[in-house]
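K.L.:
I would like the atomic coordinates for the input below:
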Amino acid sequence: ERRQAGHGSHERPGRDRAMSGAAARPPGSPGHRCPAMQRGAAALALALALLAVLPCCRAHEKPQPHGARDQGNMNVLFIIADDLRTSLGCYGDPLVKSPNIDQLASKSIVFKNAFAQQALCGPSRTSFLTSRRPDTTRLFDHNSYWRTHAGNYTTLPQYLKMNSFITLSVGKVFHPGIVSNHTDDYPYSWSIPPFHPSTQKYKNAKVCKGPDGKRYANLVCPVDVKEMPEQTLPDIQSTEEAIRLLKKIKSTGNPFFLAVGYHKPHIPLKYPEEFLKLYPLEEIHLAPDPKVPSKLPPVAYNPWTDVRSRDDVRALNISFPYGPIPDDFQVLIRQSYFAAISYMDTQVGRLLNALEEQGLANNTIVVFTSDHGGQRYVMYESCWSLGEHGEWAKYSNFDVATRVPLMFYVPGLTAAFPLPKQRVFPFINPFTDKVGNLPRGSMVESNVELVELFPMVCQLLGLPLPPPCPKPSFHVELCTEGEGMADPWNQGATSVANDESFVFTQYPRPADNPQPNSDLPLLDDIRIMGYSIRSNDYRFTEWVSYNPSTFTANLTDIHAGELYLHMSDPGQDNNLYNNHEFAALVRKLSALIKI
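P.N.:
Purely as a prediction, here's the structure:
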């Protein structure tokens, strides 16, 4: 059984440790090698393992083409989508048109079962950028900065910056605001101040045209870009800035870490209206399980308050908390969500095309993921719930809220270096380019967590790995609460059948029954924490008492529980927690939460 380092920190007595504002740094010099993790040949072993499982990488054993560099000098392009579920062609979705991300996946290692640690932007991003779980960052809402509220933890870009990387942030990478000290953690994490698109300030502006011709702040918001403030949209601006930076930094001589965070498909679903043409209404269907399951504990339900606040949804006069959205409007939401994905996909395509045009595709690792998300079952992928369980948006522990896309492109390893005049990332226009079946990338079945991302990037770059975190680790600046993804990489395209891998997620609630603040309770309002385990076969959650003043969970005071079996119930609709037939399994999984 796989037991995550650092899990169980919720049992420690909580103390609010105000830390100094000094920049966090690993022990000793920037090149310090962590004593507990001396793995001199780790990157080489990983490369050899990949070459063994990826025959394409040995297609032509010739000297590297001009511009290719050894693995120790690789750059990193880190692309983060916002609220993106695994509704992508490369994850088996037959409807969504995502040709550019699918093209990236065809040249990558793709993790089929990757999970965020909390289905909320700020806690998730802080978690995977520091490699600490939310119980250690003490961030469950959007109202604290980990360096002053929990510990002076070193971030992934900060660690790379200390190892001579130029680190750059474009768009939504850290969650903005208090969560990242109103600076996106600059200057600790970034070489220059992060870029935010100027039009993001109009995120919730009344720019959505209604049937009456008036402008509203709607959930469903296809727009004519020429009519928007500044005649553009945030993700278009972010792509343009990222391309500008690629042109400037390619000749600096330093490796770079460029993080690009796209805002879509986060609500409001605002995107260029032409993308609606890709999704005729007659091809859009309701969620496969649109009703609230009869055995769902009330504490587990998210009443999608943010969605209800939008002008077009408010006009529907839906009862709180369980009132359903009318079927015809559900279809409109799903149509716009898919259109927003395709819009974001074109921005990813423009960015990857520019990476290649600047001669950087052969020496830049590309990581693509989302801050939270999940999959229902092959055709029913989710992250941002689209009516499954009668829910909309995130804010839960279900697979639909925690499962994310995750893929790594490593030049010369996950794909062969291109032949002369052969393209790696040509831009694919979803309206005009006919795309056949792209070759499938190597799909890893094992469960992995985003908290493992930090050490995985270090391993690919050949950098010293952060050591495992002790318990507690508030005083430790550099460590990881992730186990690392080395084993799934070494397994290649399929996981070992008897490898029972566990991932851990959590979500807070203010009360046992749905409240207006159930989706996003402030720290002081949290009374219950849902700790969840996802294994190969089960999703198990227990909702327990939580004291926000001491940051302590009482794991013996159980308010409710959930148990779902993936094989017979992939949609997680039939809760078996109180079924006597599964009492022994419940005891086993409950004991794992207490570790």
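K.L.:
pull the helix or strand with minimum mean pLDDT from the protein.
P.N.:
Ranking every helix and strand in the chain by mean pLDDT, DSSP states H and E puts strand 374-375 at the bottom, with a mean of 33.
K.L.:
Dump stretch 348-359 to CSV, restricted to CA.
P.N.:
In CSV, the C-alpha atoms belonging to stretch 348-359 read as follows (Å, rounded to 0.1, in the frame of the first residue of the first chain):
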residue,chain,number,x,y,z
VAL,A,348,-2.2,26.5,-26.4
GLY,A,349,-1.7,25.7,-30.1
ARG,A,350,-0.5,29.3,-30.9
LEU,A,351,1.9,29.1,-28.0
LEU,A,352,3.4,25.7,-28.9
ASN,A,353,3.7,26.7,-32.5
ALA,A,354,5.7,29.8,-31.4
LEU,A,355,7.9,27.6,-29.2
GLU,A,356,8.9,25.6,-32.3
GLU,A,357,9.3,28.7,-34.5
GLN,A,358,11.8,30.1,-32.0
GLY,A,359,13.8,26.9,-32.3
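K.L.:
List the contacts of it.
P.N.:
66-67, 77, 79, 99-101, 103-104, 239, 242-243, 246-247, 250, 260, 262, 361, 364, 366, 368, 423-428 (Cβ atoms under 8 Å, 6 or more residues apart in numbering). The C-beta positions use only the backbone N, C-alpha and C, and glycine is treated the same way.
K.L.:
Would you confirm that His149 contacts Thr136?
P.N.:
No. Here His149 does not reach Thr136: they are 11.1 Å apart, not a contact under Cβ atoms under 8 Å.
K.L.:
what about the helices in the stretch 301-450 of the chain?
P.N.:
305-308, 311-314, 327-357, 399-402 (DSSP state H, counting those that start in this stretch).
K.L.:
Comparing His149 and Thr136, which residue is more hemmed in?
P.N.:
Relative neighbour count places Thr136 above the other of His149 and Thr136, with 31 against 19, counting by other Cβ atoms under 10 Å.
K.L.:
quick one: which of the contacts of stretch 348-359 sit in strands?
P.N.:
77, 79, 260, 364, 366, 368 (DSSP state E).
K.L.:
Nearest residue to the fifth one in space, please, no chain neighbours.
P.N.:
It refers to Val366. Tyr409 (4.0 Å; Cβ to Cβ, 6 or more residues apart in numbering).
K.L.:
quick one: contacts for the one you found?
P.N.:
With the criterion set at Cβ under 8 Å, 6+ apart, Tyr409 makes contact with 104, 107-108, 365-367, 415.
K.L.:
Could you check how far it is from Leu95?
P.N.:
25 Å (Cβ to Cβ, to the nearest Å).
K.L.:
Most distant residue from the centre of this structure?
P.N.:
Asp212 (37.6 Å; Cα atoms, centre = their mean).
K.L.:
what helix or strand does that one sit in?
P.N.:
Under DSSP states H and E, no helix or strand contains Asp212.
K.L.:
okay, now the closest residue to Asn204 other than its chain neighbours: neighbour count?
P.N.:
Setting aside the residues directly before and after it, Asn204 is nearest to Ala217 in space (Cβ to Cβ, 6+ apart), at 5.3 Å. By other Cβ under 10 Å, the residues close to Ala217 number 19.
K.L.:
ok, Ala217 to Pro268 distance?
P.N.:
7 Å.
K.L.:
shared neighbours, those two?
P.N.:
Shared contacts of Ala217 and Pro268, counting by Cβ under 8 Å, 6+ apart, come down to 204, 208, 310.
K.L.:
show me the contacts for the residue nearest to Asn204.
P.N.:
204-208, 268, 310-311 are the contacts of Ala217 under Cβ under 8 Å, 6+ apart.
K.L.:
redo that, cut-off 6 Å
P.N.:
Listed by Cβ atoms under 6 Å, 6 or more residues apart in numbering, the contact partners of Ala217 are 204, 206, 311.
K.L.:
How confident was the prediction at Trp392?
P.N.:
Per-residue pLDDT puts Trp392 at 57.
K.L.:
Apologies, that question was intended for Asn437.
P.N.:
Looking at Asn437, the pLDDT reads 76.
K.L.:
That one: how many residues sit nearby?
P.N.:
The number of residues near Asn437, taken as other Cβ under 10 Å, comes to 8.
K.L.:
got it, and Asp311?
P.N.:
Count around Asp311 with other Cβ under 10 Å applied: 17.
K.L.:
mind listing the helices in the protein by residue range?
P.N.:
Using DSSP state H, the helices of the chain run over 42-53, 99-106, 121-130, 134-137, 146-149, 156-162, 234-249, 305-308, 311-314, 327-357, 399-402, 453-461, 486-491, 583-593.
K.L.:
Just name the most buried of those helices.
P.N.:
Most buried of these, by mean neighbour count (mean count of other Cβ atoms under 10 Å): helix 399-402, with a mean of 30.
K.L.:
Extract the CA atoms of that helix and return them as PDB.
P.N.:
The C-alpha coordinates for helix 399-402 follow below in PDB (Å, rounded to 0.1, in the frame of the first residue of the first chain):
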ATOM      1  CA  ASP A 399     -13.600  12.600  -9.200                       C
ATOM      2  CA  VAL A 400     -15.500  15.100 -11.200                       C
ATOM      3  CA  ALA A 401     -13.900  17.900  -9.200                       C
ATOM      4  CA  THR A 402     -10.400  16.600  -8.500                       C
END
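K.L.:
That one - contacts with which helices or strands?
P.N.:
strand 374-375 (3 or more Cβ pairs under 6 Å, 6 or more residues apart in numbering; DSSP states H and E).
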